[in-house]
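Undergrad: Generate coordinates for the sequence data below:
(chains A, B, C and D)
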Protein chains: 2
Amino acid sequence: MIRNGTKETKRQHNELHILSAAEEIFAQHGYNGAPLELIAERAGLSKQNLLYYFPSKKLLYQKVLESVLDNWLEFMALLDQPGKDPATKLEHYIRGKIEFSRTRPNGSKVYANEIISGAPHLSNELKARLLQHLEADLKLVNVWIAEGQMDPIDPAHLFFMIWAATQTYADFSSQIEIVLGRSKLEASDFEDAAKFVTHVILKGIGIKN
Amino acid sequence: MIRNGTKETKRQHNELHILSAAEEIFAQHGYNGAPLELIAERAGLSKQNLLYYFPSKKLLYQKVLESVLDNWLEFMALLDQPGKDPATKLEHYIRGKIEFSRTRPNGSKVYANEIISGAPHLSNELKARLLQHLEADLKLVNVWIAEGQMDPIDPAHLFFMIWAATQTYADFSSQIEIVLGRSKLEASDFEDAAKFVTHVILKGIGIKN
DNA sequence: GTCTATAAGGGGATAGAC
DNA sequence: GTCTATCCCCTTATAGAC
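TA: All right, here's what the predicted structure looks like:
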């Protein structure tokens, strides 16, 4: 058991736990308000030990951000449903983003915080990747419009609305919980949200199906 | 000019400048990341002098938050348009919230940050006022549904969507600017947003007009 | 009301033993 | 890889002169 594989496993194990803890603490306290000691405690090790795995707070934060963005971009793959009609594709997209809010609310909050602050830690490379994915989706919607399959709306604003209306169930969960009288949002709440957002947006842009 | 009135004017003048500067700095850096010195500098006085007007950072932040919430609640007065039809009232509501995003983006960001963090500084009194206003709006929408003036959707989710879709133009402005290719959102962008959100939501919930 | 000086604590990061 | 000890800066807040 002195093989290299063992060491790698332990490092990976600890790094995963640290990243998970960091996502939670950064979401709750923001970048500046999150003490490394709290993240370390949540991950089950000391602050100094955490700094052994991630040499600086900034780097740890950027790793969290990168991981969230990767996940976010996966759900932007609106085009990856060959042969389906616009209504099915859009519903798939909306449900994917709701699912992201449900399964990774802390990641969504970290990303929201970053954008609200003016994206000071977001690399140009990540921004470019985001834009690239979006461009493809915008083009597709424009094709649907040209084909008369939906109302002639501005595709960019459509995506702003989808992102906002789906991410709010993660980012603003504390407010939504109060309004709905929940201590925590349940799976059925997310299902209600998916149904509502899909219904209003598809009907609202005049999708024919 | 040794009258009390003169002193009061100066105090009010400085307090207003401090609150305005604080709203901007808190929006950009979050509560923990905003140094008092930066707020003081933006307001044109020393940190110690700022602390003369606002004895603690927490209190200053709460004053900013309270001011934003008051403004937010004004725009929730959906009912204050007696005699109008549902379509007009909802459009008025949506345009009001877009206008809030346009004219007070920093306030919107401060509020967003607070909610994302779990609303640790929001007093129960403010929460209660928010809920109270909302209850009235929810009832009104339920009446419209009962009268068959719109689709039978869940009113709570309708408001979550309106809030999210309008506030995103303030909170996520840095992202929207990148997508739209703007250095800063212009009045015409907010007009486009208002038209889009109104169109999609009114049509999406089947409002008859 | 405004200034200088300073207390007091938090938190990121490093050094070095084991 | 993990621990103890420590450095050092930043920031909130207070004391007290003017």
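
Undergrad: Determine the set of other helices and strands touching the one helix or strand in chain A whose mean pLDDT sits lowest.
TA: Least confident element among the helices and strands of chain A, by mean pLDDT, DSSP states H and E: helix A:4-33 (a mean of 90). In terms of contacts (3 or more Cβ pairs under 8 Å, 6 or more residues apart in numbering or on different chains; DSSP states H and E), helix A:4-33 is packed against helix A:36-43, helix A:47-53, helix A:57-74, helix A:105-116, helix B:4-33. All C-beta spots, glycine's among them, are computed from the backbone N, C-alpha and C.

Undergrad: quick check: angle from the helix or strand encompassing A:Tyr169 to helix A:105-116?
TA: Per DSSP states H and E: A:Tyr169 is located in helix A:155-171. Calculated by axes from the mean of the first three to the mean of the last three Cα atoms, to 10 degrees, helix A:155-171 forms an angle of 130 degrees with helix A:105-116.

Undergrad: Show me chain A divided up by domain.
TA: Chain A resolves into domains spanning A:4-55, A:65-204 when parsed by automatic domain parsing.

Undergrad: Mean neighbour count added to those, as TSV?
TA: Formatted as TSV, those follow (neighbours: other Cβ atoms under 10 Å in any protein chain shown):
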stretch	mean neighbour count
domain A:4-55	16
domain A:65-204	18
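
Undergrad: nearest to B:Asp154, of these?
TA: domain A:65-204 (6.2 Å; Cβ to Cβ).

Undergrad: Between the two ends of that closest one, what distance do you get?
TA: Distance between the two ends of domain A:65-204: 33 Å, counting by Cα to Cα, to the nearest Å.

Undergrad: can you check stretch A:172-187 too?
TA: 16 Å.

Undergrad: who's in contact with it?
TA: A:102, A:105, A:168-169, A:189, B:112, B:115-116, B:118-119, B:127, B:131, B:134, B:156, B:159-160, B:163-164 (Cβ atoms under 8 Å, 6 or more residues apart in numbering or on different chains).

Undergrad: ok, now stretch A:54-68?
TA: Contacts with stretch A:54-68, where a contact means Cβ under 8 Å, 6+ apart, come from A:15, A:18-19, A:22-23, A:26, A:31, A:36, A:39, A:50, A:104, A:107-108, A:110-111, A:114, A:121-123, A:126.

Undergrad: ok, and which of those reach DNA strand C?
TA: Restricting the contacts of stretch A:54-68 to those within reach of DNA strand C (Cβ under 7 Å from any atom of the strand) leaves A:Leu36.

Undergrad: how about the CA coordinates for the helix holding A:Tyr169, as CSV?
TA: This file holds the C-alpha atoms of helix A:155-171, laid out as CSV (Å, rounded to 0.1, in the frame of the first residue of the first chain):
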residue,chain,number,x,y,z
PRO,A,155,-33.4,35.5,-28.4
ALA,A,156,-30.9,37.1,-26.0
HIS,A,157,-33.6,38.3,-23.7
LEU,A,158,-35.3,34.9,-23.9
PHE,A,159,-32.1,33.4,-22.4
PHE,A,160,-31.8,36.1,-19.7
MET,A,161,-35.4,35.2,-18.7
ILE,A,162,-34.8,31.5,-18.6
TRP,A,163,-31.6,31.8,-16.6
ALA,A,164,-33.2,34.2,-14.2
ALA,A,165,-36.4,32.3,-13.7
THR,A,166,-34.6,29.0,-13.1
GLN,A,167,-31.7,30.2,-11.0
THR,A,168,-33.9,32.1,-8.7
TYR,A,169,-35.0,28.8,-7.1
ALA,A,170,-31.4,28.3,-6.0
ASP,A,171,-30.1,31.9,-5.4
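
Undergrad: Many thanks, we can stop here.
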